[in-house]
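Novice: Any chance you can model this:
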Amino acid sequence: MIQIRPATQRGHANHGWLNSHHTFSFADYYDPKEMGWSVLRVINDDTVAPGMGFGTHGHRDMEIISYVLSGELQHRDSIGNGAVIRPGEVQRMSAGRGIQHSEFNASAKDPVHFLQIWIEPGVRGIAPGYEQIAFPEAERRGALRLVASPDGAEGSVTIHQDARLFAGLFDAGETAEYTPSADRVAYLHVARGSVRLNGETLSAGDGARIASEPNLKLEGIDNGEILLFDLPA
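Specialist: Here you go, the predicted model:
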């Protein structure tokens, strides 16, 4: 089963400084049929105006992943981390028993476009934590590069859940295949461009719930950038 979630059906909020599309219910957007998929709870597609951002606020018991598509994102938090996140870098913040943080556009002239992803943790009340790792384009080109996992495999960031996140870049003629375990589900998010998934065309902002599929074949069409989540059923 592959169930397409078109970009046009996502929630949308435009605050002037922030233009945000919500794959799943978030903030003022609520759809009881779109509360997430397995332990994947949030995919927010955010564009933040130059010099603007999210002021200091708190989270608890959530694995939060930021994936920058263009521009630069400035991060600060209450456990002493301060960093700029750039395209090709993955930030993992484990909120645990509580963390305060802010995210701002690091540029005074260019917007920053990024995905904010929330994954429900498998354990609650842990000490908050932070990681940031760069994954070169060559490792993601025409491939599914593991970027987040429960054990930090292959140099990925470590999340506190039995879930794996792969990133890939697929232009015309570039392909990759993935075989999910029979007791798992998956979710594909197209961050930009366009790809085919088992023959179905998906474009920027589209997503797909995947279950009971013996094999997944990705084919590039035009400058496609995707995230593939392998999740517990």
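Novice: which residues pair with Val84 across the strands?
Specialist: Under DSSP bridges, the beta-bridge partners of Val84 are Gln74.
Novice: Which residue would you name as the spatial centre of this protein?
Specialist: Note on the chain: the residue nearest the mean C-alpha position is Ile117, at 4.4 Å, using C-alpha atoms, centre = their mean.
Novice: Could you give the average pLDDT over the lengthiest strand in the chain?
Specialist: Looking across the chain with DSSP state E, the single longest strand is strand 216-232. Strand 216-232 shows a mean pLDDT of 98.
Novice: So which elements touch it?
Specialist: strand 164-170, strand 175-178, strand 184-197 (3 or more C-beta pairs under 8 Å, 6 or more residues apart in numbering; DSSP states H and E). C-beta here means a position set from N, CA and C on the backbone, and glycine is covered the same way.
Novice: Take those strands and lay them out in CSV including distance to Glu72.
Specialist: Rendered in CSV, the data for the helices and strands packed on strand 216-232 read as follows (distance: least, C-beta to C-beta, whole Å):
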stretch, distance to Glu72
strand 164-170, 18
strand 175-178, 28
strand 184-197, 17
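Novice: Nearest spatial neighbour of Glu219, chain-adjacent residues omitted?
Specialist: Among residues not flanking Glu219 along the chain, Arg196 sits closest, at 4.2 Å (C-beta to C-beta, 6 or more residues apart in numbering).
Novice: Neighbours of that neighbour, how many?
Specialist: 16 (other C-beta atoms under 10 Å).
Novice: ok, which stretches of the chain are helices?
Specialist: In the chain, the helices defined using DSSP state H lie at 137-140.
Novice: The longest strand of the chain: which residues count as buried?
Specialist: 216, 218-221, 224-231 (16 or more other C-beta atoms under 10 Å).
Novice: Bridged to the closest residue to Val42 other than its chain neighbours, which residues?
Specialist: In space, and not counting its chain neighbours, Val42 is closest to Trp118: 3.6 Å by C-beta to C-beta, 6+ apart. In this entry, Trp118 is beta-bridged to Val42, Ile64, by DSSP bridges.
Novice: before we move on, what about Asp230?
Specialist: Arg164, Ala186.
Novice: Let me see the contact set for it.
Specialist: Shown in contact with Asp230 (C-beta atoms under 8 Å, 6 or more residues apart in numbering): 163-166, 178, 180, 184, 186.
Novice: and it, how far is that from Leu165?
Specialist: Using C-beta to C-beta, to the nearest Å, Asp230 is found at 8 Å from Leu165.
Novice: what's in contact with stretch 179-186?
Specialist: By C-beta under 8 Å, 6+ apart, stretch 179-186 touches 37-38, 178, 209-216, 228-233.
Novice: rerun that using 10 Å as the cut-off
Specialist: 1-2, 37-40, 162-164, 166, 178, 208-216, 228-233 (C-beta atoms under 10 Å, 6 or more residues apart in numbering).
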